[in-house]
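Trainee: Please work out how this folds:
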Amino acid sequence: MIRTPTVFVLGAGASAEYGLPLGSDLVQLIVDAVGETGVLRKPLSICGVLESKLEIFAEKLHRANLVSIDAFLEKNSPEFVGIGKLCIGLSILFREQDAKRKLLESPPSDHWLKYVWNIMRAETNAASFSENKVIFVTFNYDRLVEHYFDGVLTHAFHLQRMRRV
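Mentor: Predicted coordinates:
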C-alpha cells in the first residue's frame, strides 16, 4: 500500500511501451490518417471538419517538420488546434484497442504499471485498496491506466466487472 500521498503525472510517454505513438511517429500517423484514403477522413468529416481545411492542415503539419503535434498546435490558429485535438484523440482511440490488448494480455515483463500496482496491492484487500494515497494526473488522451487497474483489480480481488453501456 502507498501511505505517503503520491501524485503520478503522466504524459504520452507513459503508454509508449504498450504501443501508443509518440512525437514524430504520432505526427506521421496523423498525416497519413488524414490523407486521401486515410482512416480519419470520415470521422473528421462527421465532426464537421471540411475536406478543404483538412487538406491544408495535413500539408502544413507535414511541411512544418516538427517533433510533435503539440509543437505544431501551440503556435497555430484556433481552427487548426481544434482539428489537431480531434486528430490526436481519434488516432489514440484507434490504436488504444491494440495497446490495451498488449497491456492486459502480453505486457512487457517488468513494466511500470505492474510495479506501481504491486506496491499499491501489498497489504490490501478489495475493501482497503482504496486507502492508497495515490492520484494519477494524465496529460495524454489514452485510458490505459484505467483499463489496467480495472483488469487487475477485478482479477486479483475476484470482483465482478461493472457492465459498461
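
Trainee: Okay, strands next: where are they in this structure?
Mentor: 6-10, 134-138 (DSSP state E).

Trainee: The ones you listed: which one's closest to T37?
Mentor: With respect to T37, and counting by CB to CB, the nearest of the strands of the chain is strand 134-138 at 32.0 Å. (Glycine included, C-beta is placed from N, CA and C.)

Trainee: how far off strand 6-10 does the closest one point, in degrees?
Mentor: Put simply, strand 134-138 runs at 20 degrees to strand 6-10, going by axes from the mean of the first three to the mean of the last three CA atoms, to 10 degrees.

Trainee: related to what we said a few turns ago, would you mind putting the strands of the chain into TSV with mean neighbour count alongside?
Mentor: Below are the strands of the chain laid out as TSV (neighbours: other CB atoms under 10 Å):
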stretch	mean neighbour count
strand 6-10	13
strand 134-138	13
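
Trainee: mind checking which of those strands is nearest E59?
Mentor: Checking these against E59 by CB to CB gives strand 134-138 as the closest, at 30.9 Å.

Trainee: Excluding residues flanking it in the chain, which one is nearest F149?
Mentor: The shortest distance from F149 to any non-neighbouring residue, by CB to CB, 6 or more residues apart in numbering, is to W117 (7.2 Å).

Trainee: Would you convert the strands of the chain into a markdown table that also reports mean pLDDT and distance to S91?
Mentor: Rendered in a markdown table, the data for those read as follows (pLDDT from 0 to 100; distance: least, CB to CB, whole Å):
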| stretch | mean pLDDT | distance to S91 |
| --- | --- | --- |
| strand 6-10 | 96 | 18 |
| strand 134-138 | 94 | 16 |
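
Trainee: Over to the residue minimising distance to the centre of the chain: give its phi and psi.
Mentor: The centroid of the chain falls nearest to D142 when counting by CA atoms, centre = their mean (2.0 Å). Torsion angles at D142 (phi, psi; degrees, to the nearest 10) stand at phi -80, psi 170.

Trainee: going forward, begin numbering at 23 instead of 1
Mentor: Right, with 23 as the first residue, what we last looked at is D164.

Trainee: do you know how far it is from S74?
Mentor: Using CB to CB, to the nearest Å, D164 is found at 30 Å from S74.

Trainee: Test my guess that the residue nearest to the centre of the chain contacts S37.
Mentor: Yes: if you go by CB atoms under 8 Å, D164 and S37 touch, sitting 5.1 Å apart.

Trainee: okay, and the common contacts of those two?
Mentor: A121 (CB atoms under 8 Å, 6 or more residues apart in numbering).

Trainee: re the thing from before, how far away is the residue nearest to the centre of the chain from D120?
Mentor: Distance from D164 to D120, by CB to CB: 11 Å.
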